[in-house]
Structure formats: structure tokens, C-alpha cells
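Visitor: Curious how this folds, go ahead:
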Amino acid sequence: MKMTKEAYWQRQLKRIALLLTVWAVVAFGMAIFGAPFLNQFSFGGVPFGFWMAQQGSIFVFVSLIWIYAYFSDKADQEAGLAETEGSVSAAGEGH
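Guide: Below is the predicted model:
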């Protein structure tokens with residue numbers, strides 16, 4: 001069953017909203033607002049709130065990019081929008 005454009009974009013928007021929510025919770029919630037609580041614990045000898053602000057949020061952000069690319073690729077395939085050899089243009093070519 002081929003997906004409609006509206007259904008495809010609804011799924012994309014839901015995915016983006018979910019991933020941005022996770023990013024906001026990690027970046028602001030854990031690294032800024034939750035830091036005093038998280039600093040009660042240590043990770044590798046460093047207070048965990050500090051580690052989340054300096055390293056953990058970056059790991060989460062890179063993970064979110066990978067998750068977005070993976071699931072978007074799957075959605076593209078389901079919608080019949082996946083790139084193939086013939087559908088990819090080279091640099092400088094017109095579409």
C-alpha cells in the first residue's frame with residue numbers, strides 16, 4: 001500500500017516533534033535544570049550533570065540524528081520515495 005503525501009508528512013512531522021522533545025529534555029532538562037540533582041551522582045569521576053552538559057547531550061544529539069535518518073529512510077522506502085541509482089543526480093546536474 002502506497003502512502004499518501006499527507007500521511008507521509010504527518011509521520012515526518014510527528015517524528016521531528018518527538019525527536020526535538022527528546023533533545024529539549026536532554027539539553028535543557030538534564031543539562032541545565034536537572035544538573036543540581038544529577039550532580040549527586042558521578043560518571044567517570046565527573047559530576048553527572050556536568051558530564052551531561054558537556055558530553056552526554058552531544059552523544060544524545062548525534063544519536064537523534066542517526067535515528068531520524070534511519071527512520072526517515074524507512075519511511076521514504078514505504079512511500080516509494082527512496083533514492084535509486086537513476087533518481088540521484090550528480091553535482092551540477094539539474095533535477
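
Visitor: Looking at the residue nearest the centre of the chain now. What's its pLDDT?
Guide: Most central in the chain under C-alpha atoms, centre = their mean is residue 64, positioned 2.6 Å from the mean C-alpha point. Looking at residue 64, its pLDDT reads 97.

Visitor: Which neighbouring elements make contact with the lengthiest helix in the chain?
Guide: When secondary structure is assigned using DSSP state H, the longest helix within the chain turns out to be helix 57-78. Using 3 or more C-beta pairs under 8 Å, 6 or more residues apart in numbering; DSSP states H and E, the elements in contact with helix 57-78 are helix 5-24. Where C-beta positions appear, they are placed from N, C-alpha and C, glycine not excepted.

Visitor: Pull the helix it packs on out as PDB, backbone CA atoms only.
Guide: Output of helix 5-24 as PDB, limited to C-alpha atoms (Å, rounded to 0.1, in the frame of the first residue of the first chain):
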ATOM      1  CA  LYS A   5       1.800  12.700   0.700                       C
ATOM      2  CA  GLU A   6      -0.300  13.900   3.600                       C
ATOM      3  CA  ALA A   7       0.200  10.700   5.600                       C
ATOM      4  CA  TYR A   8       4.000  10.800   4.800                       C
ATOM      5  CA  TRP A   9       4.300  14.400   6.100                       C
ATOM      6  CA  GLN A  10       2.200  13.700   9.200                       C
ATOM      7  CA  ARG A  11       4.600  10.900  10.100                       C
ATOM      8  CA  GLN A  12       7.600  13.000   9.400                       C
ATOM      9  CA  LEU A  13       6.300  15.900  11.500                       C
ATOM     10  CA  LYS A  14       5.400  13.500  14.400                       C
ATOM     11  CA  ARG A  15       8.900  12.100  14.200                       C
ATOM     12  CA  ILE A  16      10.500  15.500  14.200                       C
ATOM     13  CA  ALA A  17       8.400  16.700  17.100                       C
ATOM     14  CA  LEU A  18       9.200  13.600  19.200                       C
ATOM     15  CA  LEU A  19      13.000  13.900  18.500                       C
ATOM     16  CA  LEU A  20      13.000  17.600  19.200                       C
ATOM     17  CA  THR A  21      11.200  16.900  22.500                       C
ATOM     18  CA  VAL A  22      13.800  14.400  23.500                       C
ATOM     19  CA  TRP A  23      16.500  16.900  22.500                       C
ATOM     20  CA  ALA A  24      14.900  19.600  24.600                       C
END
